[in-house]
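Chemist: let's see this in three dimensions:
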Amino acid sequence: MKKELHIFFTALMFYTRIPCPKNIDHNPDYLNKATRYFPLIGWIVGSISFLAFYIFFLFLSAEIAVILAIIVSILTTGAFHEDGFADVCDGFGGGWTKEKILMIMKDSAIGAYGAIGLVLLFLLKFKLLSDAVLLFPTGDRFSVLPIFLLFVSAHALSRLAAISIIFTHEYSRDDASSKSKPIAKSNTWKEVLGAFFFGLVPLFALSYFKYQILLVLLPVFITRYFLARYFQKWIDGYTGDCLGATQQVCEVIYYLSILLVWKFF
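Modeler: Numbering: from 1, shown residues only. Predicted coordinates:
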């Protein structure tokens with residue numbers, strides 16, 4: 001149990017800005033095992049984001065509450081995944097060879113492709129989430145539990161889609177320059193089982209309110225499949241930035257899929 005707590009706090013420290021015990025560091029072995037808790041980190045980030053939404057919605061409109069909730073989630077993770085998304089936009093938008101793409105993604109400066117991509121990403125996330133939170137009305141406010149599960153399942157499932165890429169593909173960089181490389185080591189059944197358990201439980205809980213919600217698994221993992229295939233084609237695998245981009249895109253696809261399920265089912 002003590003070792004598992006150490007692994008969990010390693011994941012919490014690596015993927016968020018939440019303070020952790022002083023004895024926790026970026027031990028490569030623990031960091032590799034921490035992949036099993038990546039979707040569980042989604043539970044935490046989603047819960048914090050929901051709490052911000054709930055508090056602000058008591059006094060403000062749903063749209064403003066959603067914006068502030070998104071800001072809180074970004075502050076919680078230190079824009080870890082958004083940064084990866086921007087790097088992928090720059091790298092694959094401006095590079096035409098594996099070496100060039102990897103070089104651009106390693107550059108800390110943001111380019112035109114990254115900036116444009118982030119603007120479009122946030123616009124989509126804001127509009128889709130603003131509509132999604134109004135799917136569970138209770139009087140003139142909302143039903144707390146399903147909205148809570150909506151936030152948590154979005155963050156958990158999108159992280160599962162992202163981290164599952166390391167179970168099926170190889171790490172692209174040949175050097176150890178990226179601090180994300182330790183997660184690319186071979187994974188055991190514990191990492192796979194843990195990731196899928198924590199990634200799917202919130203969605204199954206949300207499906208209690210509408211079982212057709214489970215259909216969102218199809219578009220989310222189809223998106224994951226094509227992103228992984230695209231990364232494999234151009235850079236022979238993935239990087240940490242690719243995982244961050246996958247998480248962000250799959251989160252948006254999740255919200256979009258929720259709205260489509262509600263409309264057609």
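Chemist: who does the lengthiest helix in the chain touch, helix- and strand-wise?
Modeler: Ranked by number of residues, the top helix in the chain under DSSP state H is helix 240-264. Helices and strands touching helix 240-264, by 3 or more CB pairs under 8 Å, 6 or more residues apart in numbering; DSSP states H and E, are helix 80-94, helix 112-132, helix 144-163, helix 165-168, helix 217-235. Where C-beta positions appear, they are placed from N, C-alpha and C, glycine not excepted.
Chemist: angle of that helix against helix 80-94?
Modeler: Interaxial angle, helix 240-264 versus helix 80-94 (axes from the mean of the first three to the mean of the last three CA atoms, to 10 degrees): 100 degrees.
Chemist: if you count neighbours, what's buried in helix 240-264?
Modeler: 240-259, 261 (16 or more other CB atoms under 10 Å).
Chemist: about what we covered before: now mean pLDDT and mean neighbour count too, for the helices and strands packed on helix 240-264, in JSON lines please.
Modeler: JSON lines is the format used below for the helices and strands packed on helix 240-264 (pLDDT from 0 to 100; neighbours: other CB atoms under 10 Å):
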{"stretch": "helix 80-94", "mean pLDDT": "96", "mean neighbour count": "23"}
{"stretch": "helix 112-132", "mean pLDDT": "97", "mean neighbour count": "17"}
{"stretch": "helix 144-163", "mean pLDDT": "97", "mean neighbour count": "25"}
{"stretch": "helix 165-168", "mean pLDDT": "94", "mean neighbour count": "18"}
{"stretch": "helix 217-235", "mean pLDDT": "97", "mean neighbour count": "17"}
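Chemist: any chance of those in TSV, with distance to I44 too?
Modeler: Output for the helices and strands packed on helix 240-264, formatted as TSV (distance: least, CB to CB, whole Å):
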stretch	distance to I44
helix 80-94	13
helix 112-132	18
helix 144-163	8
helix 165-168	20
helix 217-235	20
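Chemist: so which of these comes closest to N32?
Modeler: helix 165-168 (9.4 Å; CB to CB).
Chemist: and that closest one, what does it pack against?
Modeler: Using 3+ CB pairs under 8 Å, 6+ apart, helix 165-168 is in contact with helix 189-206, helix 217-235, helix 240-264.
Chemist: what's the closest of the helices and strands packed on helix 240-264 to P39?
Modeler: helix 144-163 (4.5 Å).
Chemist: if we can go back for a sec, same list (the helices and strands packed on helix 165-168) but as TSV, adding distance to K2.
Modeler: Below are the helices and strands packed on helix 165-168 laid out as TSV (distance: least, CB to CB, whole Å):
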stretch	distance to K2
helix 189-206	16
helix 217-235	34
helix 240-264	28
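Chemist: select, out of these, the one closest to L68.
Modeler: helix 240-264 (16.9 Å).
Chemist: which residues touch G93?
Modeler: 111-114, 117 (CB atoms under 8 Å, 6 or more residues apart in numbering).
Chemist: hang on, the earlier thing: what's the angle from the longest helix of the chain to helix 112-132?
Modeler: 30 degrees.
Chemist: now helix 240-264: mean pLDDT?
Modeler: Mean pLDDT, computed over helix 240-264, is 97.
Chemist: roughly how far is it from the heart of the chain?
Modeler: 9 Å (CA atoms, centre = their mean, to the nearest Å).
Chemist: same check on stretch 97-109?
Modeler: Going by CA atoms, centre = their mean, where stretch 97-109 is centred and where its chain is centred differ by 22 Å.
Chemist: what's the answer for stretch 213-225, then?
Modeler: With CA atoms, centre = their mean, you get 14 Å for stretch 213-225.
Chemist: what are the contacting residues of that stretch?
Modeler: By CB under 8 Å, 6+ apart, the list of residues contacting stretch 213-225 reads 157-158, 161-162, 164-165, 203-204, 206-207, 246, 249-250, 253-254, 256-258, 261, 265.
Chemist: equivalent analysis for stretch 52-71, please.
Modeler: Taking CB under 8 Å, 6+ apart as the rule, stretch 52-71 contacts 49-50, 72-73, 122, 125-126, 129-130, 133-134, 141-142, 144, 147, 151.
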